[in-house]
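Chemist: Predicted model follows, preceded by the sequence.
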Amino acid sequence: NSRGTASLLKDSISFTEVSASGLFEGHDLLRRGFTSVKNELLPSHPLELTEKNFQLNQDKANFATLRNIQGIHAPLKLQMEFRAVKQVQRLPFLHSSNMAMDILRGNDESIGFEDILNDPSQSEIMGEPHMMMEHKLGLL
């Protein structure tokens, strides 16, 4: 029974897990978020993986189409622009709208779910600015 064996292996605690972070060390909500045992034990729905990778799959399809139509230079140029836009970010404790990324993808004129129900003032990632900057700079 492969399912029973896998669940037995997940229940055991490895030596590196105990020695590296400590068995009784508190969970850091600021860096790791909320824990969920259910997500670790049960397999996810097949559509969940597809939904998580939707934008990546969409970009790959767009790049392939662009390469077939205009040649190799067009997707390479667009990928370099994506990489440059991803590097420019606000401070970690401030919400970023990523307007430049929306413009590159052509989503700047469409209204989606995240535009209406994604209020940054109700975000769960808001934390203490000094701690978040120290973590980003590697001081913590």
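Modeler: Noted; the coordinates are in hand.

Chemist: what does stretch 108-119 contact?
Modeler: 99, 102 (CB atoms under 8 Å, 6 or more residues apart in numbering). To be clear about C-beta, it is placed using only N, CA and C from the backbone, and glycine gets the same treatment.

Chemist: got the CA positions of that stretch in PDB?
Modeler: Output in PDB follows, covering the C-alpha atoms of stretch 108-119 (Å, rounded to 0.1, in the frame of the first residue of the first chain):
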ATOM      1  CA  ASP A 108      -4.000  47.100 -17.800                       C
ATOM      2  CA  GLU A 109      -7.400  47.700 -19.400                       C
ATOM      3  CA  SER A 110      -9.200  44.600 -17.900                       C
ATOM      4  CA  ILE A 111     -10.900  44.400 -14.600                       C
ATOM      5  CA  GLY A 112     -10.400  41.100 -12.800                       C
ATOM      6  CA  PHE A 113     -11.200  39.500  -9.500                       C
ATOM      7  CA  GLU A 114      -8.100  40.800  -7.800                       C
ATOM      8  CA  ASP A 115      -8.900  44.400  -8.800                       C
ATOM      9  CA  ILE A 116     -12.100  44.500  -6.800                       C
ATOM     10  CA  LEU A 117     -11.600  42.000  -3.900                       C
ATOM     11  CA  ASN A 118      -7.900  42.400  -3.200                       C
ATOM     12  CA  ASP A 119      -7.800  45.400  -0.800                       C
END
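
Chemist: And the average pLDDT for that stretch is what?
Modeler: Averaged over stretch 108-119, pLDDT sits at 79.

Chemist: Repeat that for stretch 89-104.
Modeler: Throughout stretch 89-104, pLDDT has a mean value of 80.

Chemist: contacts for that stretch?
Modeler: 78, 81-82, 85-86, 88, 108, 120, 123, 126-129, 132-133, 135-136.

Chemist: filter the residues you listed to the buried ones?
Modeler: Among the contacts of stretch 89-104, the ones that count as buried by 16 or more other CB atoms under 10 Å are 78, 85, 132.

Chemist: What strand or helix carries the last one?
Modeler: It stands for residue 132. When elements are assigned from DSSP states H and E, residue 132 belongs to helix 129-137.
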